[in-house]
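*Asks:* I need the structure of the sequence given here:
(one chain, ligands or ions: 2)
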Amino acid sequence: MKISSKDFRVPAGTQVSLGKWPTRVPPAYKSKKEYRKLLATHIEALSSLQALHYAADRRAVLIIFQGMDAAGKDGAIRHVMSGVNPQGCEVFSFKQPSAEELQHDFLWRSTCRLPERGRIGIFNRSYYEDVLVVRVHPEILVSQGLVAKAPAENTFWEERYRSIVDLEAHLHRNGTRVIKFFLHLSRDEQRKRFLERIDEPDKNWKFGAADIAERKCWPLYMQAYEACLSATSTADAPWYVVPADDKQSARLIVSQIILDLFKDLKMSYPKTTTERHRELQAIRKQLVK
Ligand code: AMP
Ligand code: MG
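*Replies:* Ligands and ions are numbered 1, 2, ... in the order given. Presented below is the predicted three-dimensional model:
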C-alpha cells in the first residue's frame, strides 16, 4: 500500500476531532522484513535529498514532533534520521523551561534553535508545549510569574496560537519550511508501553511518576491537542496526524511525508558558471603537473 502524505495532513481551517483520526491504519508492509526494506529505501532517499538540501543552501527545514508520553517521538527521530549526515541536522529536545528561558517570551528558546539554511532542525517537543502541557496545567503560568491567576477564558490561548501561526508564517516567508507531526497514540497503547517500561529493566529509566499523573489528564490533553491542531495547521506549516499505535507504520509514514516535503522543494546542485569552470580547469592543470 502506497503511503499518501495528504491522508494525514490537517487542512487549514479544519476543526479537528481526534476521535475521528485513527491511531492505527492498515500497515504499508506485510512482514518485519518488508518493513525494514521499505524504511531502508526511505532512509537512503532522505540521505541523498539532505545532501542536496545542504549543497543548495537555499532553505531550512524545521520538523516538529509532538505527542503524548511513549508516543514514539524519540524512536521516530532516531530511525528516520539515521541515514542523514549529522553535520546537516540538529535535534533539540525541549524540557521544562529553565529560569533563564522563563525570563523571555514563550517562543524565545525555540527561535534560538531554529535551523540555518541548508540544514534540518528537529524539535522533539517545542513551543507547542506552551499551549499543551501549560494549557492542561494553567497553574504553571502562575508559577512562572507570567500571570497573577490562571487564565479562565480562551483569549489567552488564542493569542498564543496567533503568535505561533505568525512565527511560522514569518519563517515560511523567509525560507524555512515547517512541518509538524502529532504522533497519535491510543490511551490503551500508552498503557501497554508504560507497562513495558516498568517490566523491562533497561526501559525503567524512561518511566517517571509524573508520566502516570499526566496520563490521568488524557481527556484534557486531547482537548488541548484538538484546539491546537485546529488553530495552527496552515497551508504553509501543516500538521500531520500520524497513527502511532504501530511504531513501524508511524516511522514509514513520517519518513514518506518528509521525503515528499523535500521533493516539493525542487532543489538542484548549484550550477557551475563558465567562468568558474575555467577557473577549476586552470587549478586542475596545476594539480596534475
Ligand atoms: P520528556 O520528553 O519525556 O523528556 O519530558 C519532557 C517534559 O518537559 C514533558 O513532561 C513536557 O511536558 C515538559 N515540557 C516541555 N516544554 C515545556 C514547557 N514549555 N512548559 C512546561 N513543561 C514543558
Ligand atoms: Mg517522558
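
*Asks:* going by neighbour count, list what's buried in stretch 18-37.
*Replies:* For stretch 18-37, the neighbour count (16 or more other Cβ atoms under 10 Å) marks Leu18, Trp21, Thr23, Val25, Pro27, Ala28, Tyr29, Tyr35 as buried. Every residue, glycine included, has its C-beta placed from N, CA and C.

*Asks:* wait, I meant stretch 262-269
*Replies:* Neighbour counts over stretch 262-269 (16+ other Cβ under 10 Å) mark Phe262, Met267 as buried.

*Asks:* starting at the chain centroid, how far to stretch 236-249?
*Replies:* From the chain centre to the centre of stretch 236-249 is a distance of 9 Å (Cα atoms, centre = their mean, to the nearest Å).

*Asks:* strands along the stretch 1-150 of the chain, start to end?
*Replies:* Here the stretch 1-150 of the chain has its strands, by DSSP state E, counting those that start in this stretch, at 9-10, 60-67, 89-93, 120-124.

*Asks:* can those strands go into CSV with extra columns for distance to Tyr225, mean neighbour count and mean pLDDT?
*Replies:* Below are the strands of the stretch 1-150 of the chain laid out as CSV (distance: least, Cβ to Cβ, whole Å; neighbours: other Cβ atoms under 10 Å; pLDDT from 0 to 100):
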stretch, distance to Tyr225, mean neighbour count, mean pLDDT
strand 9-10, 11, 18, 98
strand 60-67, 8, 23, 98
strand 89-93, 19, 16, 96
strand 120-124, 16, 22, 98
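
*Asks:* can you count the residues close to Ser98?
*Replies:* Other residues lying near Ser98 total 9 when counted by other Cβ atoms under 10 Å.

*Asks:* before we move on, the earlier item: as CSV, the strands of the stretch 1-150 of the chain with distance to ligand 1 would be great.
*Replies:* Below are these laid out as CSV (distance: least, Cβ to the nearest ligand atom, whole Å):
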stretch, distance to ligand 1
strand 9-10, 21
strand 60-67, 10
strand 89-93, 6
strand 120-124, 7
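
*Asks:* many thanks, have a good one.
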